[in-house]
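*Asks:* Requesting a structural model of the entry that follows:
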Amino acid sequence: MMLGWLDFVVVGAYFVAILAVGIWFGRREGSTYDYFLGGKRQHWLVVGLSIIATEVSALTFISVPADSFQGDWNYLQMYAGAFLGRILIVLLLLPAFYGGAVTTVYEYLGQRFGPWTRTTASLMFIASRIIGSGIRLLAASLAIAVVFGWRLEWVVLGAAAVAIAYTTFGGIKAIIWTDALQAVIFLGGGVAVLAFLFLSIPGTCVENLSTAYNAGKLHTFTWGRDLNNEKLFWVLLISATVQNCAALGVDQDLTQRMLTCPDLRRGQRSLLFNAVMGLPIVCLFLLIGTMISVYYGTQQSLSLPAHVLDHSDRVFPHFIAHVLPSGYGLKGLLVAGIFAASMSSLDSALGALSSTAVTDFYRPFMARRRRHAETTSSQTEAGAMKELRLARFLTFFFGLLLAVVALSFAGHDRLLWEVFKWVGLIFGAMLGVFLLGVTTRTRGHDHFNTASMLSSIAILVVIKLYQEHASTVYIAWPWWVVIGTAWTYGLAACFSGRHGRPR
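*Replies:* Model (predicted):
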């Protein structure tokens, strides 16, 4: 792919800006309180933008246009559930987290139930985040590899190295501010490429949209009674509500941002801002994929290579590389947008994995040791610095691990739906026990909660493996997270343990 001098200027300016923002806002990290929570001084609007960058990131930038290019706007049906899921978080989960003054959401489970529930949920988060963020990293790296013609392995390692650098240095403040900037960059790139498409396709905007509509490319809602139809509106509404409540409410990766706001009201405001902005953002990238399909339909001299058609996640990157003009800064902006999607999908995962490992495993372990020995104030201060060094080391370690996971999924197509299927096995168990904590006062026993969560995952894994080898019984993947949530909640509610909730 040929880049003009102005394209190189845009890409270079992006990297300079990201490094400058990460270093400036991430300076003066003196404790894990600053490193993990940003001193609880972050503005709700910046937090809302950073959530958009992490949640949307590579999968929306690459896989949503691929989905609408290959099919229609069926994916948009999930937005209604996404909105409802956020409302549940605002009303139920965030008040509990702020009330418990937690660093990670799994601390709340320790306060409400005990150490077994907390540790089990923390391990589930680590497993689901390593898989989910590894796939997100792969989606963005595939796009960069297609655009530049580079080897995928080097792109994955390079993207991981850049994200590791500023995340290790600046912690959550660097993550929030760089992600907010990166959200503006890749959304601006999306608007720019859509404008280019409408200007390049013969005819007016209305005529082009009519062409897409007549071809069935704008079809959105699917109605019916077959509950195993993965594209049915009611199926996706229920699944997306539960899925988003879990993804943003019990997943430390995204919830950590809301906990950096000074108080509950501003934390809730950051998530409501994200909910409102979700619809136009999803529509933007769906429309890009649709218009790319229309564009190639009107260009008799252009056709997509077989290797791109066989892997639809490569359609948008191929369009950027071979259709967008060089030398005007537009191609450079889209390349910067791809890099932004890659960085924002990785840095927050590193911060969340590090905070969970330190807060939910290292701190309880050290607390048990301190109970058997007297500690002085100087030893306490030295322990705090040791904890900060450990947090930075773990950030580096998890960055390498996510790169390995990304490469292991390199042969999969349609990565957007692959993520939903994998996390659906785990998120239900996590959400079920959180909902039990915030909706009851006496239900739930520490040890039986763990058994309920593990049995939920075991049931779903059996369903998934059975359906891959037999066709007599079929349960569509959108129901997996719903089944997991209901099973965990119902089984754990049969037992009682601690009374009351943390104030």
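
*Asks:* From now on I want contacts and neighbour counts done on CA atoms only, so please keep to that.
*Replies:* OK.

*Asks:* can you count the residues close to the nearest residue to Phe409 once chain neighbours are set aside?
*Replies:* Among residues not flanking Phe409 along the chain, Ile135 sits closest, at 6.8 Å (CA to CA, 6 or more residues apart in numbering). In terms of burial, Ile135 registers 28 neighbours under the definition other CA atoms under 10 Å.

*Asks:* in this protein, what spans have low per-residue confidence?
*Replies:* Applying pLDDT under 70 to the chain flags the ranges 1-2, 26-30, 57-59, 147, 300-302, 369-383, 411-424, 470-472, 498-503.

*Asks:* hmm, back to that, so the residue nearest to Phe409 touches Val405, yeah?
*Replies:* Yes: with contacts counted by CA atoms under 8 Å, Ile135 reaches Val405, the gap being 7.4 Å.

*Asks:* contacting residues for Leu218?
*Replies:* Neighbour list for Leu218: 72-73, 212, 290 [criterion: CA atoms under 8 Å, 6 or more residues apart in numbering].

*Asks:* ok so it is a strand residue?
*Replies:* No: the assignment for Leu218 is coil, going by DSSP: H, G, I helix; E, B strand; the rest coil, so no strand is present there.

*Asks:* picking that back up, which pair of the contacts of Leu218 spans the longest distance?
*Replies:* Using CA to CA, the contacts of Leu218 span at most 11.0 Å, a distance reached by Trp73 and Ala212.

*Asks:* coming back round to it: quick one, phi psi at the residue nearest to Phe409?
*Replies:* Here the main-chain torsion angles of Ile135 (degrees, to the nearest 10) amount to phi -70, psi -40.

*Asks:* And for Trp223, the neighbour number?
*Replies:* Applying the criterion other CA under 10 Å, we find 11 residues in the vicinity of Trp223.

*Asks:* my bad, should have said Leu227
*Replies:* A count of neighbours around Leu227, defined by other CA under 10 Å, yields 16.

*Asks:* Not counting its neighbours along the chain, what's nearest it?
*Replies:* Here the nearest residue to Leu227 in space, its sequence neighbours aside, is Val235; by CA to CA, 6+ apart that works out to 6.4 Å.

*Asks:* now Thr298
*Replies:* Counting by CA to CA, 6+ apart, Ile201 is the residue found nearest to Thr298 once chain neighbours are left out, at 7.1 Å.

*Asks:* show me what contacts the one you found?
*Replies:* By CA under 8 Å, 6+ apart, the contact set of Ile201 is 208, 294-295, 298.

*Asks:* who wins for neighbours among those?
*Replies:* Of all those, the most densely surrounded is Val294 (21 neighbours; neighbours counted as other CA under 10 Å).

*Asks:* just checking, next helix/strand downstream of the helix or strand containing it?
*Replies:* In the assignment (DSSP states H and E), Val294 maps to helix 264-298. Remark: after helix 264-298, the chain's next helix or strand is helix 306-310, criterion DSSP H and E.

*Asks:* Could I get the contacting residues of the most centrally placed residue in the chain?
*Replies:* Closest to where the C-alpha atoms of the chain average out (CA atoms, centre = their mean) is Glu55, at 3.9 Å. For Glu55, the residues meeting the contact criterion (CA under 8 Å, 6+ apart) are 254, 345.

*Asks:* Mind telling me what element it is part of?
*Replies:* Per DSSP H and E: helix 44-58 holds Glu55.

*Asks:* Any buried residues in that helix, and which?
*Replies:* By neighbour count on 16 or more other CA atoms under 10 Å, the buried set for helix 44-58 is 44-58.
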